[in-house]
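J.: Build me a structure from this.
(2 chains)
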Amino acid sequence: AQKVTQAQTEISVVEKEDVTLDCVYETRDTTYYLFWYKQPPSGELVFLIRRNSFDEQNEISGRYSWNFQKSTSSFNFTITASQVVDSAVYFCALSEVRRGGADGLTFGKGTHLIIQP
Amino acid sequence: SAVISQKPSRDICQRGTSLTIQCQVDSQVTMMFWYRQQPGQSLTLIATANQGSEATYESGFVIDKFPISRPNLTFSTLTVSNMSPEDSSIYLCSARTSGSFGTGELFFGEGSRLTVL
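T.: Here you go, the predicted model:
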């Protein structure tokens, strides 16, 4: 069975600090996808990134960067120069092929990020 | 991209009643999913809504409690039957656009917040 662990329940930093959100996953599949979603207080889920298991290159998108390391089964997310608007719950998720070929997501418990002004 | 609309956005229901949540996507999608997010918790996959056939349920979820329909490529419903206070959650519809496993984008609706008294 697959599993996603986000050990940090809540992180609080002051604006402009860098912050890293950890994600560790477990899966028996060799083909899988990893995701990060943001859930602001308004409740909608905002897609941030998808990474397949064969692509270990790190990715940077503006102030966001992701570090995927298969050797440690980790897919960590770093926000550089954090802003108050980054305050949200961040979910790491994993997809693998389920019955019938569908690929629903297994979510971690989420990390509540609080950026203080 | 795909825009997913859910109705109702929120509702307050009485114990023992049933409620049907509708999910409409603005474009044809290959897969549709239903998730539950209990208060302060992560998202849990309920089932994959299959067009023209019975939904595929995850462990812990059964068709009698959560009947699902998907009559076409853009629409699905989830019914929460014989509700109890433990069913108070946000129910989210998700859809994947064209592509084989993992290659299509995954989108989420804004969720339907149910409170059962």
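J.: OK, contacts around B:Lys7?
T.: By Cβ atoms under 8 Å, 6 or more residues apart in numbering or on different chains, the contact set of B:Lys7 is B:21-22, B:24, B:112. Where you see a C-beta, it was placed from the backbone N, CA and C, and this is true even at glycine.
J.: B:Ala2 too?
T.: Applying Cβ under 8 Å, 6+ apart to B:Ala2 gives the contacts B:25-27, B:29, B:95, B:97, B:105, B:107.
J.: Using neighbour counts, trim the residues you listed to the buried set.
T.: For these, a burial check counting by 16 or more other Cβ atoms under 10 Å in any protein chain shown picks out B:25, B:29, B:95, B:97, B:107.
J.: Out of the contacts of B:Lys7, the closest to chain A would be?
T.: B:Ser112 (10.5 Å; Cβ to the nearest Cβ).
J.: If you tally nearby residues, what's the number for the closest one?
T.: The local packing of B:Ser112 (other Cβ atoms under 10 Å in any protein chain shown) involves 23 other residues.
J.: these two touch, right, A:Asp103 and B:Met31?
T.: Yes. In this structure, A:Asp103 is within contact of B:Met31 by Cβ atoms under 8 Å, at 7.3 Å.
J.: sorry, back to before: lowest pLDDT pick from the buried ones among the contacts of B:Ala2?
T.: Across the buried ones among the contacts of B:Ala2, the smallest pLDDT goes to B:Thr97, namely 77.
J.: so how far is B:Ala2 from that one?
T.: To B:Ala2, B:Thr97 is 6 Å away according to Cβ to Cβ, to the nearest Å.
J.: Next, show the common contact partners of the two.
T.: B:27, B:29, B:105, B:107.
J.: coming back round to it: could you redo the contacts of B:Lys7 as a markdown table and give each row pLDDT and secondary structure?
T.: What follows is the contacts of B:Lys7, written out as a markdown table (pLDDT from 0 to 100; DSSP: H, G, I helix; E, B strand; the rest coil):
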| residue | pLDDT | secondary structure |
| --- | --- | --- |
| B:Ile21 | 98 | strand |
| B:Gln22 | 98 | strand |
| B:Gln24 | 97 | strand |
| B:Ser112 | 95 | strand |
